[in-house]
Every structure is written in structure tokens, then in C-alpha cells.
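1. Provided below for reference: sequence and predicted model.
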Amino acid sequence: MNHLALASLSLWRREMVRFYRDKSRVIGGLVPPVIFWLFIGSGLSGSFSVGGGTNVLNYRQYFFPGTLVLIFLFTAVFSTISIIEDRKEGFLQSVLVAPLPRLAIVFGK
């Protein structure tokens, strides 16, 4: 395994451990988009249909890709928060002075 991949994997593992240990991040990243999908999808499904003929989608099916985008968006927000926390704790400074490619930091986060 090359240096870039090993450094990225190490930083990624650290992020995953920190993410899953903080239950509020897991819940905050997954629950709101699913709630939006269920409640908004149920509320608007009666007045919304996409397609014509035999290929008609209900609103939940139509809104599902947007829900996936929301999950990725919330995860990105929490990842940004972890970068700010790393900066406050001094970990980011130690990673920046380490002899590893800057691209590894991007891939690892």
C-alpha cells in the first residue's frame, strides 16, 4: 500500500471511530432526512404524481434521491465540524506538519 493510501486510511479510521462514538452525529446525520422523507412524502403524496401512463411515481419515490442527497449533506456538515474540533484540539496542526501528502488529509476526512 502506498504512502497516500495508508495515510488516508489512518485518518479515515480515526474519523469513523469519532463519528460512531458520538451518537448525536449518527442520529443527526440520518434521522432528519428520513423524517423529512416519511412525513413530507406522506403529506404531499395525495396531491403529487410524476410520470404518465403505467410509469407513475408517488411522492416518496420521487423524493427519495433528494433524501439521499440530504444524508450526504448532513454528513458533510458534521465532517466540517470535526475539522473545526481538530483545529481547536491541535490535532489538525500535528497532521499538517506530518510528512504526509496534503491529499491524504482530504481523502481521510
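-> Thanks, I have the structure now.
2. wait, isn't Leu4 in contact with Val106?
-> No. Leu4 lies out of contact with Val106 (C-beta atoms under 8 Å); the separation is 10.4 Å. Yep, even glycine has a C-beta here, placed from its N, CA and C like the rest.
3. Settle it for me: which of these two has more neighbours?
-> The residue with more neighbours, out of Leu4 and Val106, is Leu4; 14 against 10, by other C-beta atoms under 10 Å.
4. Now do the same contact list for the more buried one.
-> The contact partners of Leu4, by C-beta atoms under 8 Å, 6 or more residues apart in numbering, come to 100-101, 103-104, 107.
5. any idea where the helices of the chain begin and end?
-> Residue ranges of the helices in the chain, as given by DSSP state H, are 3-21, 23-35, 41-44, 59-89, 91-97, 102-108.
6. How far away from the center of its chain is stretch 61-74?
-> 11 Å (C-alpha atoms, centre = their mean, to the nearest Å).
7. for that stretch, what is the average pLDDT?
-> The pLDDT scores in stretch 61-74 average 83.
8. And for stretch 11-30?
-> Rounded mean pLDDT across stretch 11-30 is 85.
9. Need the contact partners of that stretch.
-> Contacts of stretch 11-30 (C-beta under 8 Å, 6+ apart): 71, 74-75, 78-79, 82, 95, 104-105, 107-109.
10. right, and out of those, which lies closest to Ser42?
-> Lowest distance from Ser42 to the contacts of stretch 11-30 (C-beta to C-beta) belongs to Ile71, with 18.7 Å.
11. Tally up the residues packed near that closest one, please.
-> Ile71, neighbours per other C-beta under 10 Å, totals 17.
12. ditto for Tyr20
-> Tyr20 has 10 neighbours, counted by other C-beta under 10 Å.
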